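Colleague: I'll drop the sequence and a predicted model, then ask my questions.
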Amino acid sequence: MIRAAARQMVSTRALRWLTSFGMLAVAILAGASIGETPIPPMTVLQTLANKLLVADYPLDPIDEGIIWNYRLTRAVVAACCGASLAVSGVVLQALLRNALADPYIMGISAGASTGAVAVTIAGFGAGVVSLSMGAFAGAILAFGLVALLARAAGGGMSGHGAAQIVLAGIAGSQLFNALTTFIITKSANADQARGILFWLLGNLSGARWHDVLLGAPIAMAGVTICALHARSLDAFTFGAESAASLGIPVRRLQMVLIGTSALLTAVIVSMVGSIGFVGLVIPHAARLVVGVRHARLIPASALSGAVFLVVADILSRTIIPGQVLPIGVVTALIGAPGFALILIRGAGQR
Amino acid sequence: MKLTATELGWSTRRHSILNSVSLEVEPGKVLGLVGPNGSGKSTLLRLLSGILKPTSGHVFLKNRPLAELSRREVAQRIAFVEQQADTSERITVRDAVELGRTPWLSLRHPWGDADDALVAQALKDVGMDHFADRQWATLSGGERQRTHIARALVQKPGLLLLDEPTNHLDVHHQLSILALVSKLTVTTVVAIHDLNQAMDCDSVGVLDQGNLVAIGPPEEVLSVERLRDTFGVGVTHLTDPHDGRRIMRFHS
């Protein structure tokens, strides 16, 4: 009987996984088919078959090109970004014992933007440092500053002073956004400045295959690293000190996992700009569905983050006919009310 | 597991919190730590647990320096129940207790039936088996504390450190927790507020302003002079006619 129950558990789990990946596939398919020129999903599938399975469907080469080189890459990059941001949010929330932690609020995205702009516009690193590396340096620097400020304000990493770390994050975001604007104003010409400001709010229109080749492996590696530490993250339920007494090497884990989420954020920012609220709202929504255990929460957040951002991208392209809204605007329009709900629920618990 | 501390000290840049504390607890015995608020009980427990690194001195488990062990190896030997560890996560009692298995689990040793059995036993031991599926947020202070102790028990430690475990409990649960602790075969160091409860320990250490001013059998240590000097209270010793045990009544 127990074996039958176990088998059933395995099969429900398999079913759940299948449904989740099915949803992601449908979302990407929709992303490739919906747009200014709608292309039937069948054509999208045929394009995929032509490209991946060496099938030979007679298709309009323009349609094929739009799907393969623009929309598909865009949807896949969106999925990678969504997954990375959501998992970064989960990790930061667990390690900092703070329901409001996320790469955007903690100033990591802003730092990454500054790093990216410093490399591309101000020519920092003299061509040796890549855009992603600049963004990573900026992300780490920003987090370091925010953590120091929070500690000086009496909060910090141990989980006390939830307000301090969020306030420090706001201060950090403001500082790095100001630095970014400063660099742009000082070094960029008008055309560059327009392009960059649009990119900063989140812009997937530049996503091509080389972005997929950078983003997908890093997203997968990052999510895997975090998932492998699921049990250690669970141990932070009662704070860092309690985690230490359960045998978790707290300092090392914080360095590895915060470093991972900074890297994920940096890669995303260097590809598509900074997108807010995904890392905040998706983990909370996922918790409501699968519970707080990280072994389930991390994959669930990764998948729902991916689907969410693909859908948000579709919305950003279709909400205003003939115009593309920065995707950060769409996520903020959905995410800000979500953020408010979390705040209100948090107050109810106290 | 035998616990030894030699000249243990901890200080911040400006203040010395604990000075040169040396103590020894024989395997299976219970050491009670008493002392006024801020006398260094919690700091001493955190040093013994290895969470805090001493600025001077050493801790030995079975004559092996604690500093030689990895975090995980320490957690397989020492369980620590802090004061008021709380969470806003929506976890159940069982979730909280299962955390105690963390130091024993790895990719190669995943959760198994034996772990389930340990969790069930610990929940029973602290009288929380009927509450296993209750949400943490709905628990009373006493129920939370008992859950924490169950979490410490599934860690299967050789040394159990408890920081004022009866603090939030009603008198019935105070007694049941203390009875539970004294039944355990594990070496235990417990910070206690209630001096009469400290009388039930195998030995008692008195901390005063970061110094271990006395350690030994409770009847000797908790003398009239000691209580006057350390706590600033007078004491009358009474005898319980029920079982002939000595109890203390305090007056200012």
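Modeller: Sure, I can see it.

Colleague: Tally up the residues packed near the residue in the stretch 151-300 of chain A that chain B sits nearest to, please.
Modeller: Nearest residue of the stretch 151-300 of chain A to chain B: A:Gly247, at 2.9 Å (Cβ to the nearest Cβ). Backbone N, C-alpha and C define where each C-beta goes, glycine included. Neighbour count for A:Gly247, taken as other Cβ atoms under 10 Å in any protein chain shown: 22.

Colleague: B:Leu18 now?
Modeller: B:Leu18: 26 neighbours (other Cβ under 10 Å).

Colleague: I am assuming it contacts B:Leu44, so please confirm or correct that.
Modeller: Yes: applying Cβ atoms under 8 Å, one finds B:Leu18 in contact with B:Leu44, separated by 6.0 Å.

Colleague: Can you check which residues contact both of those two?
Modeller: B:Leu8 (Cβ atoms under 8 Å, 6 or more residues apart in numbering or on different chains).

Colleague: Strands of the stretch 101-250 of chain B, residue ranges please.
Modeller: B:159-163, B:187-191, B:203-208, B:211-216, B:234-239, B:246-251 (DSSP state E, counting those that start in this stretch).

Colleague: The residue of the stretch 151-300 of chain A closest to chain B: what secondary structure?
Modeller: coil (DSSP: H, G, I helix; E, B strand; the rest coil).

Colleague: where does chain B come near chain A, residue by residue?
Modeller: Counting by Cβ under 8 Å from any Cβ of the partner chain, the residues of chain B lying close to chain A are B:46, B:49, B:51, B:70-76, B:78-80, B:82, B:85-91, B:95-96, B:99-100, B:102-103, B:105, B:107, B:137, B:155.

Colleague: Just give the closest residue to the residue of the stretch 51-200 of chain B found nearest chain A, not the sequence neighbours.
Modeller: Distances between the stretch 51-200 of chain B and chain A by Cβ to the nearest Cβ are smallest at B:Ala75, namely 2.9 Å. Leaving aside its chain neighbours, B:Ala75 sits nearest to A:Gly247 (2.9 Å; criterion: Cβ to Cβ, 6 or more residues apart in numbering or on different chains).

Colleague: Quick one, grab the pLDDT at the one you found.
Modeller: At A:Gly247, the model reports a pLDDT of 93.

Colleague: Count the residues that sit near residue 205.
Modeller: You didn't pick a chain, so chain A it is. Counted with other Cβ under 10 Å, A:Ser205 comes out at 15.

Colleague: actually chain B
Modeller: B:Gly205 has 24 nearby residues by other Cβ under 10 Å.

Colleague: For it, give its distance to chain A.
Modeller: 21 Å (Cβ to the nearest Cβ, to the nearest Å).

Colleague: Just confirm that residue contacts B:Leu31, I think it does.
Modeller: Yes: between B:Gly205 and B:Leu31 there is a contact at 6.1 Å, judged by Cβ under 8 Å.

Colleague: Between those two, which contacts overlap?
Modeller: Joint contacts of B:Gly205 and B:Leu31 (Cβ under 8 Å, 6+ apart) are B:Leu23, B:Ile215.

Colleague: got JSON lines for the strands of the stretch 101-250 of chain B, with mean pLDDT too?
Modeller: Listed next are those as JSON lines, based on pLDDT from 0 to 100:
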{"stretch": "strand B:159-163", "mean pLDDT": "94"}
{"stretch": "strand B:187-191", "mean pLDDT": "94"}
{"stretch": "strand B:203-208", "mean pLDDT": "94"}
{"stretch": "strand B:211-216", "mean pLDDT": "93"}
{"stretch": "strand B:234-239", "mean pLDDT": "88"}
{"stretch": "strand B:246-251", "mean pLDDT": "87"}
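
Colleague: and the ones you listed as JSON lines, adding distance to A:Pro326?
Modeller: Shown next, in JSON lines, are the strands of the stretch 101-250 of chain B (distance: least, Cβ to Cβ, whole Å):
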{"stretch": "strand B:159-163", "distance to A:Pro326": "51"}
{"stretch": "strand B:187-191", "distance to A:Pro326": "56"}
{"stretch": "strand B:203-208", "distance to A:Pro326": "60"}
{"stretch": "strand B:211-216", "distance to A:Pro326": "63"}
{"stretch": "strand B:234-239", "distance to A:Pro326": "73"}
{"stretch": "strand B:246-251", "distance to A:Pro326": "69"}
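
Colleague: filter the residues of chain B next to chain A to the buried ones?
Modeller: Among the residues of chain B next to chain A, the ones that count as buried by 16 or more other Cβ atoms under 10 Å in any protein chain shown are B:46, B:49, B:51, B:71, B:73-76, B:78-80, B:82, B:85-89, B:91, B:95-96, B:99-100, B:102-103, B:155.

Colleague: Looking at those residues, which are in helices?
Modeller: B:Arg46, B:Ser49, B:Arg71, B:Glu73, B:Val74, B:Ala75, B:Asp95, B:Ala96 (DSSP state H).

Colleague: Contact partners for B:Glu24?
Modeller: B:Glu24 neighbours (Cβ under 8 Å, 6+ apart): B:Lys2, B:Leu3, B:Thr4, B:Ala5.

Colleague: again, only using 10 Å
Modeller: The contact partners of B:Glu24, taken as Cβ atoms under 10 Å, 6 or more residues apart in numbering or on different chains, are B:Lys2, B:Leu3, B:Thr4, B:Ala5, B:Thr6, B:Leu31, B:Phe60, B:Ser203, B:Ile215.
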